[in-house]
Every structure is written in C-alpha cells, then in structure tokens.
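S.K.: got a structure for you, letters missing:
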Ligand SMILES: [Zn+2]
C-alpha cells in the first residue's frame, strides 16, 4: 500500500507517516518560496545542460532556421562566440552537428581532417579549452541520400541481394563510423556520440578509437533513439532529411520500452560510457526505465527540435509562458531520471537558473 492509500484507508494514525487529514496537511510545506525551495526534490543546474549547435562552412554566417526560432547554422568563427556565451553561463558542454560543403553517397567530408566539424572542434578547443566538445557521429548529414549508413542500392547489382533495395547496410557502415569518430578525436573532440542506431556501432567505434590511441575518449551512445515525428525541425537545421523512405529500419518503434532495455544493455556491453534516450517528452517512462535498470551509467536525454519548436511557437502566440514551461519540461526530464539534458533551450535555461 502506498502512502496515499494508507492515508485514505486509516482515518487517523498519529505516530505513522501516513496520518490523515486533519493531522496531515501537505500545504504547510508550500506556504513560502523558502519552504518550497527547502523541500524541492529535483534541482536543475546549468551543469546538467548540453547545448546542441549546427556548424556550417563560411565566415560570419548566422543562418536562421525558420522552424526553430533562436537556433542558427553558424560558421566556425560565429560558433566560437556562441560557445563562449554557453561557457559564461555555466553550460559545460556542446554537441556539434556539421553541414558539409558537398554531399556524396559515403559522406566523405565526415572524416576529412578539414571537415566542418573537425574545423569547429579545433576552433572551440583553441578558444575555450575547458569546454567539453561532443560530436555527433552519423552519416545522415553528409550523405547525398540523407540516410544514416551505406545503402543497399544498385538493383540486381546491389551489395546484398537478400536485403531490400535502399536498406541501410549495417556492418559496412560500422567502418565509416569508426573512421568518423577517430577523425573527430584527432581534431580534439572530448566525447563522441554515435546517433545512427546501427547494431555494433559502440563496439566498432571503441575498437577504432583504442587502435588510434584514444583509449581515454568516452562514448556517449544514442542508445535508445526512436523513429520520431519530433525530429522534423532538426532536418531543416541539419539539412539531413532522407531523400526517400524513412529511418524505421534502424531507429526504434515508439511503442517499445522493453526493447529500449535490450538496446541499452547491448551498448553497455559494447563499452558505452554514457547512455541516451531520444526524444525526451513522449519518452519519460523510457528515461525512467533506463535510469532504473542501468543506474551505474550517466544518462542523457535529448529534448529534441520538435519539442523545442512547439514551446517556441506557443510562446510566440502568447499561449504559454516560455520560461515557466521550459523550466517545467527540463525539470520533468531530470525528475524522470536523466542526469544530462541536451536542449536548444540551454542558454535561456542557464540564464533563468542563474538569475
Ligand atoms: Zn543519422
């Protein structure tokens, strides 16, 4: 029996914790801001936040993303200024997504020493060595087809005749993911974050990093990533929408939670240092389940583009109070069990937390 049931079943129990009305009056502890602060169970700080950023080629570029008000594609020089703002507000980490100059079937710029993410990492680490730079490791922003791996294409000449035309080939993709991770590490990244939900990606990247002398570099795995409609604005931001089909053959079905535990267990076994659930809001129960089953590993949750844009749109219309809503959402994600929250609200949230 829980506390509430006990309280309603036993009329008065003066010694017990479950004494009922009129003895029990929870409102006593809500009477002033000071008392409420004393008994607050979940505390959000700027240190819990990771700020995702989109980096593009050029100089002095600050390209607006229409579906994500307040979020921009930034050239490396402008990006450094944005990262400086994050640092001054106490946000310890950024997560980088690159928009390449050219796309091709393999996504060659993804592991080029002068690729856009590599340039951005170097620029940030030169200016702000203490900033934790996390890089997204996937193929979808770099490939001309917009998919997260090498595709099984070519009709009767396709690499695997047993698999459907257009299928994302698993093991062939792993080699590229390892190359990308090593390339990001060589540029100075502090953490690599594989996001493609390719089976074996953590193990392939761990092996690649270790073979290149990066045994100390942690992997933040997108261990549970759902095929979600909430990614729509991100696709404009990162220019990574698939040219055909969707990502349901590698990302998870939104209906599943037991499968999330299986995915997580595999990534833990492969050597993931940190875990993630993405998106956050429609998956708070998944965050809670992963947190409870894998309490030994730090857990991040990605408060994704669609979640951000909904709040921005409603606030712009005067339907929601932006600050209040954002803080409630971020606190809810942390209360569900996330240690870290990747959010486009990071700078605003840090500002509100600091004021
Ligand atoms: Zn991808």
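M.R.: On my side now, so go ahead. Please read these numbers as outputs of a predicted model, since none were measured by experiment.
S.K.: phi first, then psi, for residue 217.
M.R.: phi -90, psi 120 (degrees, to the nearest 10).
S.K.: for residue 213, that is, sorry about that
M.R.: Dihedral angles (degrees, to the nearest 10) for residue 213: phi 90, psi 10.
S.K.: cool, residue 209 as well?
M.R.: The phi/psi pair for residue 209 (degrees, to the nearest 10) reads phi -60, psi -50.
S.K.: report all helices and strands that the strand or helix carrying residue 289 contacts.
M.R.: Element membership for residue 289, per DSSP states H and E: helix 284-293. Here helix 284-293 touches helix 258-270, strand 275-278, strand 299-303, helix 322-336, going by 3 or more Cβ pairs under 8 Å, 6 or more residues apart in numbering; DSSP states H and E. Placement of C-beta: from N, CA and C, glycine included.
S.K.: tell me the strands beside the shortest one, with direction?
M.R.: Listed by DSSP bridges, the sheet partners of strand 275-278 and their directions read strand 224-225 (parallel), strand 299-303 (parallel).
S.K.: next structured bit after the last one?
M.R.: Next helix or strand after strand 299-303 toward the C-terminus (DSSP H and E): helix 305-316.
S.K.: which parts of that following helix are buried?
M.R.: Buried positions in helix 305-316, judged by neighbour count with 16 or more other Cβ atoms under 10 Å: 305-312, 315.
S.K.: likewise stretch 98-116?
M.R.: So, applying 16+ other Cβ under 10 Å, buried residues of stretch 98-116: 98-100, 103, 106-107, 109-112, 115-116.
S.K.: and for the closest residue to residue 337 other than its chain neighbours, the neighbour number?
M.R.: Excluding the flanking residues, the one nearest residue 337 by Cβ to Cβ, 6 or more residues apart in numbering is residue 291, at 2.8 Å. A count of neighbours around residue 291, defined by other Cβ atoms under 10 Å, yields 18.
S.K.: likewise residue 242?
M.R.: Around residue 242 there are 16 other residues, counting by other Cβ under 10 Å.
S.K.: is it true that it touches residue 149?
M.R.: No - contact between residue 242 and residue 149 fails when scored by Cβ atoms under 8 Å: they sit 11.3 Å apart.
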